[in-house]
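J.: predicted model and sequence follow; I will ask about them next.
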Amino acid sequence: MKILPNDVEKIDLVEEMPQGVERRLVLRLLGHWRKLCGDREFPCFSDLDPAEIPDIWLNSFVIELSGDRAVPVFRAMGDTLVENSGSSLIGRPVADAPAGTLCGVAIAYIDEVLAKEVPVSRGGEFARQDGTKVLYRSVLLPMSDDGETISGILGAANCRAVVVE
């Protein structure tokens, strides 16, 4: 058995897959992204059909990097993320994502994805502006219009509030 570093979370997929179906949103989107890749390093946005992943799409977003790469812009955002952010961020720079929101923490590591040119997933906790503690998971997946150069990010995130009893 391989020993994992202390900062790596071991996921027992058997417990997460009731009747053979993966429940974690980030892993389902990662699997879909890999299918879209085929033999390419990155899938194209034209390959992406939200109708193929309707339950995931509610928690998904698209970030465009073309033009001024220093100012990535939201191009799509699922209804659940809009609710969690308080308003739609479509057409706005990612820097406008409010702190203390699911969208804000989900995009916090976009520079790591661009530097490594690989999918990156994170999970953790944050506090909403009202002080509510929230657990979240998110994934950022590089996309490309030419199959080689990253031109955008497909991402998804979900969360749940921690209930204090």
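T.: Yep, that arrived. Numbering: from 1, shown residues only.

J.: what residues does the helix ranked longest in the chain touch?
T.: The residue-count maximum for a helix in the chain (DSSP state H) belongs to helix 25-37. Helix 25-37 is contacted by residues 16, 22, 43, 47-48, 52-53, 56, 59-60, 119, 121, 123, 137-139, 141, 154, 156-158 when judged by CB atoms under 8 Å, 6 or more residues apart in numbering. Any C-beta I mention is one placed from the backbone N, CA and C, and that applies to glycine too.

J.: so which elements touch the helix or strand that it is followed by?
T.: Later in the chain than helix 25-37, the nearest helix or strand by DSSP states H and E is helix 54-57. Helices and strands touching helix 54-57, by 3 or more CB pairs under 8 Å, 6 or more residues apart in numbering; DSSP states H and E, are helix 25-37.

J.: for the helix it packs on, buried residues please.
T.: Neighbour-count burial for helix 25-37 flags 25-30, 32-33, 36-37 (criterion: 16 or more other CB atoms under 10 Å).

J.: can you put these in CSV and add pLDDT?
T.: Listed next are the buried residues of helix 25-37 as CSV, based on pLDDT from 0 to 100:
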residue, pLDDT
Leu25, 92
Val26, 93
Leu27, 93
Arg28, 94
Leu29, 96
Leu30, 95
His32, 96
Trp33, 96
Leu36, 96
Cys37, 94
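
J.: which one of these is nearest Leu102?
T.: Leu25 (11.7 Å; CB to CB).

J.: once you drop chain neighbours, what's closest to that closest one?
T.: Asn158 (4.9 Å; CB to CB, 6 or more residues apart in numbering).

J.: now do the same for the one you found: its pLDDT.
T.: Looking at Asn158, its pLDDT reads 94.
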